[in-house]
Structures are given as C-alpha cells and as structure tokens.
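> Pasting a predicted model and its sequence here:
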Amino acid sequence: MLFFLMALSGYLFWHLYNLLRLQRWLHNADLDKLPVSRGIWGSVFDGIYRLREGSLRRRKRHNRLLKRFYKLAAALPDATVMLGEHDVIEWFNKPAQQLLGLKPSTDVGQNIGNLLRHPLFREYLEGGGGGEPVEIPSPADENVVLSVRLVSYGKNRRLLTARDVTRLHRLEQMRRDFVADVSHELRTPLTVIRGYLEAMAESSGELPREWQRSVVLMEQQTRRMERIVTDLLFLARMENGAQGRRERVDVPALIAAVHEDARALGENGHEFTLEVDPDLLVRGDHEELRSLFSNLVFNAVQYTPAGGKIGIRWWREPTGGAWFEVEDSGPGIAPQHIPRLTERFYRIDVGRSREKGGTGLGLAIVKHVMNRYRGRLEIESTVGKGSRFRCFFPGDLLLPRNEAEPSGFHLTGTISP
Ligand code: ADP
C-alpha cells in the first residue's frame, strides 16, 4: 500500500513538474528552449513545438506580405486612402498628402467627409460611391483637378483613390472652347447667307431656270448648318458646367406643346397616344427639357413611316422618380447601334438622317440633359417593330402641381394641357 502511494505521488509529481515546465515555456518567447521530456510529455512538447513553429512561420509570412502591400500602396502614383467603418481614415500614402492635403499626425481617425468638403464629393460619398468617379478641385491646390473614386472592399471598408487629371481637364476644356468658338463664329455668316438665299428663293421666278432648284437646296442646307451650330452651342453651354436653371417647369404643358409641333411636322399622319400625369411637374430648366422632349418626339415622327403609332407617356414611379417615354412603331434599331446612338454625329443611315434634316446631335443632347438631372436614358428597340426611348427623373426633382410655389421659382410653359 505504502509502495503504491509513493509510486502514485511520484507519478503525480512528475506530471505537475512537466505542466509547470509547459506553462513556463509557453510564456517564454524563446521557441527554441523546448523542455526535454520523455513519454507522453515528450510527445506533448513536440506537438506544441510544431504548432508554435507553424504559426510563427505563418505570422512572419503575413507580416512580410503586409509590409510588401504597404510598400506597394505607398509607391502608387495615385493618392490612396484606406477607409474603415463610417468612412474613418485608417491609412494613406504620400501622394494623398500632396493631392488631398491629408496630414498623418492629425487626419488618421478622422471622417473623410470632414476633410474633403466639396459638395460633389460629399454627394458622391453619401450616395455610396462606386460608378463613375467625380472630378473636384484639390483641397491642397485649387488649380489641380482630381478624379476621385471610391471602391468598396471587405465589410464596411472602402478604398479612395484620387488622380491628378488637370492636363486632361485642360485639353477637354480647350476642345469645348474651340467647338463653342467655332460655332459662335459661324453663326453670323450663316445667318447672312441664309437671309440672302431666302430672298433669292422668294423671287426665284426672276432667276435663270437652272439656278432655281440650286437656290432652294442651298437654302435648305444653310438651315441645316444653322441647326447644327445651334445644337453645338447648346451642348457647349451644358458642357461648360454652368448649372441650368431650377425653375418650376410645367411638364404636361410642355409635352402638349411638343406634341402640337410634332403633329405639324409629321405630314404622314401618325397616330399619337398621350398618357400624361397632369399634376406631375419638374424642377429644372425649361429650355433643356423642351430640347429633350422635342428631340425624342421629333425623332419618332421622322423615323416612323406613314400611319405609324407614336406613344408619349409621363408618369410617376410608385417607388419614387418619374419616367418620360416615347414609343414608336418605326423601323427599330439593330442592337449593335444602340450603345453608340448618343455619340455626337452618330447616325445609322447618314443619308436618311440628312434627308430628314437631322443634325446627328439630338440624342447626344438628350443624354447630356439627363446627366444634368442625375437621371438616365434607356433605349429599347426591335428591328421591324419599333423603338422605345425612356428618361428617368430622380424623385427629388418632382413637384406636384398644387404645391405652394416656393419663392424664387416661376411657372413656365405656355400651352395648358
Ligand atoms: P438625327 O439628327 O440624325 O436624328 P439623333 O442623335 O437624334 O440624330 O439620332 C441618332 C440616330 O439614331 C439617327 O440618325 C437615327 O438613325 C437613330 N434614331 C433616333 N431615333 C430613332 C427612332 N425613333 N427610330 C429609329 N431610329 C432612330
């Protein structure tokens, strides 16, 4: 019995001793001071040693990777800012200090919205980022234009990148100014030429016979050139950024006026259907909206053959926002053309467009106007069946007819529906 108790105590003591060594070793940073033991404790020490060694190796590899990533992000020529939850700045590289004016000593831990305060950026940030980047002046130097983009990654994390696009911006501005200046310069000579040609066409009886048709053709072409110049100037005005007016526009009245003009234009006797919400108004620029509606409706009239159907609709979407739609039973558009229709001077059939007096700028104007209203243009078409052009207006631009008119706005639109 005594011998048995002594053996048990010895065994217990051996276990406690090894447990103590294990505890000391685990708290000891030096992995190599592995306690030597036999039997079951030898294999426990061995197993734990291998686990610790594996995890240490993994940690070193992760650290190496992390360092490499920081070096890479720091070497990026674009400003890069890592944002954590609630868009709080966690880290940024050197170009972010130069381009965005961020300071490592004070700005880490701050909300990016408090440091980049440009309204366009704040709107972009609050809208969730993504999509097209926004262009804003640099907070560090307002002569520098930045293209800022937000990309989501992981849970509630975003990466902000900003590129210096000043050179591109200047070139773009030069191009716009050039187009606007040329259009402006052409306007007066064209008006003079058209005036003389009109006078000659009116008294064409006095002209030699071989000149009579030429004068009429010259007058038509001069009118077309004038329309191109007017459209180019309209586009240039919108492109030059000045925000259009935000007046109360009576859209139903405007649609009625455009419909009247379209009926007068279409000698082919089209069958029109109008479904218009009479109480749905928009806060916007009357001229821009008139151009948008008339371009779409006149296109439908011009490209739809005699007796075709044209539907014009204007309604409020139950989930917010409103749609303006023009549907026709015309020849339709093949799918490969649809993405390019809003490019300037893109025409499927150049001859036909010219013959109809088109400028090739109508849909470019429609797209521009929709961009200015943060809306979108959708085009659906089936060859041989017809086309549908739809414009979406965001809900915050809509006004009910009977809402008290805020001061500063005035009612426009001349023909009641
Ligand atoms: P255009 O002055 O030539 O009409 P737009 O920019 O308005 O210029 O339209 C571009 C092209 O899109 C047109 O040339 C025409 O080929 C096509 N298009 C526009 N609307 C329609 C339509 N309703 N049906 C068929 N084709 C259309």
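That came through, no problem. Numbering: from 1, shown residues only.

> contacts, neighbours, all on C-alpha from now
Will do.

> Once you drop chain neighbours, what's closest to the closest residue to the ligand within the stretch 151-300 of the chain?
In the stretch 151-300 of the chain, the residue that lies nearest the ligand is A300 (3.9 Å; CA to the nearest ligand atom). Excluding the flanking residues, the one nearest A300 by CA to CA, 6 or more residues apart in numbering is D328, at 5.9 Å.

> For stretch 116-123, give me every contacting residue.
The set of residues external to stretch 116-123 that reach it, using CA atoms under 8 Å, 6 or more residues apart in numbering, is L100, G113, V134, E135, I136, P139, V148.

> Return only those of the residues you listed found close to the ligand.
When CA under 6 Å from any ligand atom is applied, no member of the contacts of stretch 116-123 is adjacent to the ligand.

> now, the most widely separated pair of the residues you listed?
Greatest spacing in the contacts of stretch 116-123, by CA to CA: G113 and E135 (15.5 Å).

> what are the ranges of the helices in the stretch 201-350 of the chain?
Along the stretch 201-350 of the chain, the stretches classed as helices by DSSP state H, counting those that start in this stretch are 209-239, 251-265, 286-303, 350-355.

> Can you name every helix or strand that the second one contacts?
It refers to helix 251-265. Counting contacts by 3 or more CA pairs under 8 Å, 6 or more residues apart in numbering; DSSP states H and E, helix 251-265 packs against strand 280-284, helix 286-303.

> Can you add mean pLDDT and give the ones you listed back as a markdown table?
Shown next, in a markdown table, are those (pLDDT from 0 to 100):
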| stretch | mean pLDDT |
| --- | --- |
| strand 280-284 | 94 |
| helix 286-303 | 94 |
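
> Below-threshold pLDDT in this structure: ranges please.
Along the chain, the parts satisfying pLDDT under 70 run over 29, 241-242, 266-268, 403-417.

> Please list the outside residues in contact with stretch 55-75.
By CA under 8 Å, 6+ apart, stretch 55-75 touches T80, F92, N93, K94.

> got a winner among those residues for most neighbours?
Scoring these on neighbours with other CA atoms under 10 Å, the highest-scoring entry is T80 at 26 neighbours.

> In terms of distance to R290, which of the contacts of stretch 55-75 ranks first?
Nearest to R290 among these: T80, at 42.8 Å, using CA to CA.

> show me where the stretch 1-150 of the chain has helices.
Taking DSSP H, counting those that start in this stretch as the criterion, the stretch 1-150 of the chain carries its helices at 2-27, 39-75, 94-100, 104-107, 112-115, 119-126.

> Now stretch 381-395: buried residues?
Neighbour counts over stretch 381-395 (16 or more other CA atoms under 10 Å) mark S381, G386, S387, R388, F389, R390, C391, F392, F393, P394 as buried.

> The fifth one contacts N295, correct?
What it means is F389. No. Taking contacts as CA atoms under 8 Å, F389 lies outside contact range of N295: 10.8 Å.

> Spatially central residue for the protein, please.
The C-alpha lying nearest the average C-alpha coordinate of the chain belongs to E132 (CA atoms, centre = their mean; 4.2 Å).

> so what's that residue up against?
Neighbours of E132 in contact, by CA under 8 Å, 6+ apart: R149.

> Now do it against N371, distance only.
12 Å (CA to CA, to the nearest Å).

> Got phi/psi on the closest residue to E53 other than its chain neighbours?
Spatial nearest neighbour of E53, chain neighbours left out: L31 (7.6 Å); criterion: CA to CA, 6+ apart. Per-residue torsions, L31: phi -70, psi -30 (degrees, to the nearest 10).

> wait, isn't L31 in contact with L51?
No. Using CA under 8 Å, L31 is not in contact with L51; the gap is 10.9 Å.

> What residues does this protein have near the ligand?
That would be 299-300, 303, 330-333, 341, 346-349, 353, 358-364, 387, which are the residues of the chain within reach of the ligand (CA under 6 Å from any ligand atom).
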